[in-house]
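>>> the following block contains a protein sequence and its predicted model.
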Amino acid sequence: MTEITTLPISSIIVGKRHRQDLGNIAHLADSIRDLGLLQPIGVSPDSSLVFGHRRLEACRSLGWESVPVRIVDAPAIMAEHDENEVRKDFTPSERVAIGRAIEEFLGDRRRFNADGGPKADGAIQENFPESKPGQQTRDIVAGKAGFGNAKTYQQAKSVVSQGTPELVEAMDRGDVSISAAATIAKLPPTEQQAVVAGGKDAALERVRQVREAKNASVVSQANQIRREQKKAAQDERAAVAVQASQSLQPTSDRFRIIHGSCEQSLSLEAGSVDWIFTDPPYPKEFLPLFETLGRVAAHVLKPGGALLAMVGQFHLPEVIRSLEANLSYHWMLSYLTPGGQSPQIFPRRINTFWKPVLCFTKGEYSGPWIGDVVRSEPNGNDKRHHHWGQSESGMADLMRRFVKPGETVLDPFLGGGTTGVVALGLGCHFIGYDVDQIAVGTALNRLQEYGDAA
């Protein structure tokens, strides 16, 4: 497959494609002086250098007039069926050079001639009979150059083109694998040298760190793409919602939607509402809203009517105290939140799988007997319509325990309108308030199927 002979150094042609960064030639020259040239230089039949540029220059610096060379004949290599022999006789960097020589010999194998015209079917097979139909040039070359696959060949090529001489030598010696060397080759040259100088264990540890950082970066980029896609979808829905809030009638014989605050619902007729079902915001800065909610409930509820408010556990004592200022505590239901609805409360080290539903009444409770465990479907939280949205299945399981058709339900924190959708579905009349115009528009769109808004 390859012939070993001797050539005058002056006759060896060094092409422009060979890298100029040759590293410490003096150190290599000392080694050659002491041990001799252990690995011949590779040249093509026309004496063009294929591999061994550093060895060639080291021998030149020692005053040698001729050097042992291997004649690397691309057609002969292609005709050789035993790729294991290539792998055994040549180092990875030399096999990269052989692969490049084969690539140059084959030319463009993507089924096009030099003039850009298509090659006849089977042209690859004519030049390379043992190749499989449709086999890519890179796969053919990788195999003939003694690499297991095109990926490993590309990795070795990246080490030769981007790696420092120290890294290439470490790969050739087998101190680092081709895959690991390809990872190290992406580092700055000074860091490559430091990694190689640290030995095998240090190299493996640095490779692990680089790959972990890459994986983290990929995950971060994927998350960023998802966030951008989510925001784009939200912006699109928001535009539709704003248009709806401006064009749709906010009232029908079944519902009224008002762009306004919870406190503005005090303008409703006293004693005109049977039930309040609501999900106020949970963060600490919104705690004052619960005192307002209590005043609203005391004003609009019929005697014996009830407020049922979903709340978080973190500020539960403060919420209860605020509502007790105007209402009577009746009970606390458990709203189960299975699957992905379950938040982690990091300051308290809690994974919570339920949330309280506080039941406060205006006077003595006059509603039906109820069970106090409410369930929603797993992963049922619906954030499509509002970032604090609740599942329709869970809200329906809660509301159907209390309401009767024809009764009036109020939600002064309307959000995306889930309470309204469920109320209308249960045959009730509905009134909703929200300070967010987008939320109002979203709710109007959702309620259209139950009302006669045009």
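Structure's in. What do you need?
>>> go through this protein and flag its longest helix.
If you go by DSSP state H, the chain has its longest helix at helix 200-247.
>>> which stretches in the chain count as strands?
2-8, 41-43, 49-51, 66-72, 255-259, 273-278, 301-310, 328-336, 344-345, 350-351, 354-361, 373-375, 408-411, 429-434 (DSSP state E).
>>> switch these over to CSV; also include mean neighbour count and mean pLDDT.
The way it works is simple: take the backbone N, C-alpha and C, and place the C-beta from them, glycine included. Below are the strands of the chain laid out as CSV (neighbours: other CB atoms under 10 Å; pLDDT from 0 to 100):
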stretch, mean neighbour count, mean pLDDT
strand 2-8, 12, 80
strand 41-43, 23, 84
strand 49-51, 23, 83
strand 66-72, 20, 86
strand 255-259, 21, 93
strand 273-278, 24, 98
strand 301-310, 21, 98
strand 328-336, 16, 97
strand 344-345, 10, 80
strand 350-351, 10, 88
strand 354-361, 21, 96
strand 373-375, 17, 93
strand 408-411, 25, 98
strand 429-434, 25, 96
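>>> lowest average confidence across helices and strands of the chain, where is it?
One helix or strand of the chain scores below all others by mean pLDDT, DSSP states H and E: helix 123-127, with a mean of 48.
>>> which residues are in contact with the nearest residue to residue 284 once chain neighbours are set aside?
Sequence neighbours aside, residue 315 is the residue nearest to residue 284 in space, at 6.1 Å (criterion: CB to CB, 6 or more residues apart in numbering). The neighbours of residue 315, taking CB atoms under 8 Å, 6 or more residues apart in numbering as the test, are 282, 284, 287.
>>> just residue 289 next, same as before
By CB under 8 Å, 6+ apart, the neighbours of residue 289 are 262, 280-281, 413.
>>> show me which of those are buried.
Applying a neighbour-count criterion of 16 or more other CB atoms under 10 Å, the buried members of the contacts of residue 289 are 262, 280, 413.
>>> quick one: the last one and residue 277 touch, right?
No: checked against CB atoms under 8 Å, the pair residue 413 and residue 277 is beyond contact range at 10.0 Å.
>>> the closest residue to residue 318 other than its chain neighbours: neighbouring residues, count only.
Spatially, and ignoring its direct neighbours in sequence, residue 318 is nearest to residue 287 (5.6 Å; CB to CB, 6+ apart). Counted with other CB atoms under 10 Å, residues neighbouring residue 287 total 16.
>>> near the spatially closest residue to residue 371 that is not a sequence neighbour, how many other residues are there?
Take residue 371 and drop its neighbours on the chain: the residue closest to it by CB to CB, 6+ apart is residue 401, 6.8 Å away. For residue 401, the neighbour count with other CB under 10 Å is 16.
>>> residue 188 versus the residue lying farthest from the centre of the chain, what's the distance?
Residue farthest from the centre of the chain, counting by CA atoms, centre = their mean, is residue 65 at 58.5 Å. To residue 188, residue 65 is 39 Å away according to CB to CB, to the nearest Å.
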